[in-house]
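Trainee: no FASTA, just this:
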């Protein structure tokens, strides 16, 4: 790898304390910086943007689906880039691309109008193609690459304390993600959706400099070991032997597929639900404020679950988390079925909150614990492609369920069938290590 200190004055080896804690801080901020490319960041823009572009809910959802599906084809490749070039450069270019994409998105109405005038062709298809391409860019750079690179970097710097460290990161990320819809909604109300995206783009460009200064790929690049040990002080023979699986080897294990698919289910359900949350609750006579308000109790549950399970993850089998997450998915699915009653809201909050908390544990801690750190980028990148595909098809399926069948509740039946398949397939899951 090239000089790890290039374009930076910060040397982790000369830091007064273990640099992994700086990595923890800046990496967690990096995950938060991906919010504009996450569904939770896009959802509050759905109604004003589709109305401004003259698109229907189905057309907007389809553009989101196609753009996200296209991004899934490159996310796995980004994992290989992570293994080859490290978190620093991969995260830098992802953040730069995300910021530039938001700037273009902010003037999408003007661009669409100019193209219509140029070709003298007034059709919904022009803004549809435009935002499909823009969704591809922000989903690839934000949800995919920046999130993956930042999370993996944190896990690279810790081993024995991986769960405890991830609990700290998860709390920060959960608080940020849960408050994002409220903050972004206020930003839109005050400045409008276009200016809001421009403000976020400027913030991302500033964060690019922070990445160059503070992101660091691996402790071994600076003659350090995970958790703060110095190579000169540690008896290498006393270190636990960890088998590093290649992506090809990992794909041959049942654990890779069952854990990957349950994470994909979480991505599917949360994306579809969040993308249409105002409409879902509105169909049962709830207000927009009441719909957005459920993110707070969900985040409280998610923080409690992620903190507890992250700490315990250093000591107990992760298969337990797999089944708890599957059970939580069942609860959340039942919540959608019974949303017409007060119990439905409680089921949704409890199920989605627990799933969100466990997602933060499994998606960060399980992969290095099960398959080692050497090929973490390619393995987590492949799993990220599952998540992206799940999040891509969800908005359209939820939308067609509502417009075609008249209610979102039928999605609950679909998700329950898929969860039954996962429960049966997970019975014989084992840790590959």
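Mentor: Okay, I see it. None of the values given here were measured: they were computed from a predicted structure.
Trainee: residue nearest the centroid of the protein?
Mentor: The residue lying closest to the centre of the chain (CA atoms, centre = their mean) is residue 143, at 5.0 Å.
Trainee: for residue 414, see how far away it is.
Mentor: Distance from residue 143 to residue 414, counting by CB to CB, to the nearest Å: 23 Å. (C-beta placed from N, C-alpha, C; glycine too.)
Trainee: how many other residues sit next to the residue found closest to the residue nearest to the centre of the chain once you drop the neighbours it is linked to in the chain?
Mentor: Excluding the flanking residues, the one nearest residue 143 by CB to CB, 6 or more residues apart in numbering is residue 37, at 4.8 Å. The number of residues packed near residue 37 is 28, by other CB atoms under 10 Å.
Trainee: show me the contacts for residue 37.
Mentor: Neighbouring residues of residue 37 by CB atoms under 8 Å, 6 or more residues apart in numbering: 98, 138-144, 146.
Trainee: counting neighbours, which of the residues you listed comes out on top?
Mentor: Of the contacts of residue 37, with other CB under 10 Å as the count, residue 146 tops at 33 neighbours.
Trainee: surely that one meets residue 95?
Mentor: Yes. In this structure, residue 146 is within contact of residue 95 by CB atoms under 8 Å, at 5.8 Å.
Trainee: which residues are in contact with both of those two?
Mentor: Counting by CB under 8 Å, 6+ apart, the residues touching both residue 146 and residue 95 are 30, 33.
Trainee: ok, then the element right after the helix or strand of the chain with the lowest mean pLDDT?
Mentor: Across the helices and strands of the chain, mean confidence by mean pLDDT, DSSP states H and E is lowest for helix 288-293: a mean of 80. Proceeding N to C from helix 288-293, the next assigned helix or strand is helix 295-312, under DSSP states H and E.
Trainee: let me know the outermost residue of the chain.
Mentor: Computed with CA atoms, centre = their mean, the most peripheral residue in the chain is residue 120, at 39.8 Å.
Trainee: on that earlier part again, and the residue nearest to the centre of the chain, what does it touch?
Mentor: Counting by CB under 8 Å, 6+ apart, residue 143 has contacts 34, 37-39, 68, 71, 387-388, 391.
Trainee: in the residues you listed, find the pair that's most separated.
Mentor: Spatial extent of the contacts of residue 143 (CB to CB) is set by the pair 34 and 68 at 13.8 Å.
Trainee: who wins for neighbours among the contacts of residue 143?
Mentor: Highest neighbour count within the contacts of residue 143: residue 68, with 32 neighbours (other CB under 10 Å).
Trainee: that one is in what secondary structure piece?
Mentor: helix 57-85.
Trainee: I'd like to know the average pLDDT value across that helix.
Mentor: Taken as a whole, helix 57-85 has an average pLDDT of 86.
Trainee: buried residues in it?
Mentor: With burial defined by 16 or more other CB atoms under 10 Å, the residues of helix 57-85 counted as buried are 57-72, 74-76, 78-79, 81-83, 85.
Trainee: next: stretch 191-198.
Mentor: In stretch 191-198, counting by 16+ other CB under 10 Å, buried: 193-194, 196-198.
Trainee: restricted to helices, list these.
Mentor: 193-194, 196-198 (DSSP state H).
Trainee: between these, which sits nearest residue 353?
Mentor: Looking across those and measuring by CB to CB, the closest to residue 353 is residue 196, at 27.0 Å.
Trainee: out of everything not next to it in sequence, what's closest to the closest one?
Mentor: Excluding its sequence neighbours, the residue lying closest to residue 196 (CB to CB, 6+ apart) is residue 187, at 4.5 Å.
Trainee: residues near the one you found, how many?
Mentor: 17.
Trainee: residue 12 now?
Mentor: By other CB under 10 Å, neighbour count at residue 12 equals 20.
Trainee: residue 327 now?
Mentor: Using other CB under 10 Å, residue 327 is surrounded by 15 other residues.
Trainee: quick one: the helix or strand containing it to helix 295-312, angle?
Mentor: Element membership for residue 327 (DSSP H and E) is helix 319-337. Angle of helix 319-337 versus helix 295-312, following axes from the mean of the first three to the mean of the last three CA atoms, to 10 degrees, is 170 degrees.
Trainee: which helices and strands does helix 319-337 pack with?
Mentor: Contact here means 3 or more CB pairs under 8 Å, 6 or more residues apart in numbering; DSSP states H and E; on that basis helix 319-337 packs against helix 254-275, helix 342-361, helix 410-425.
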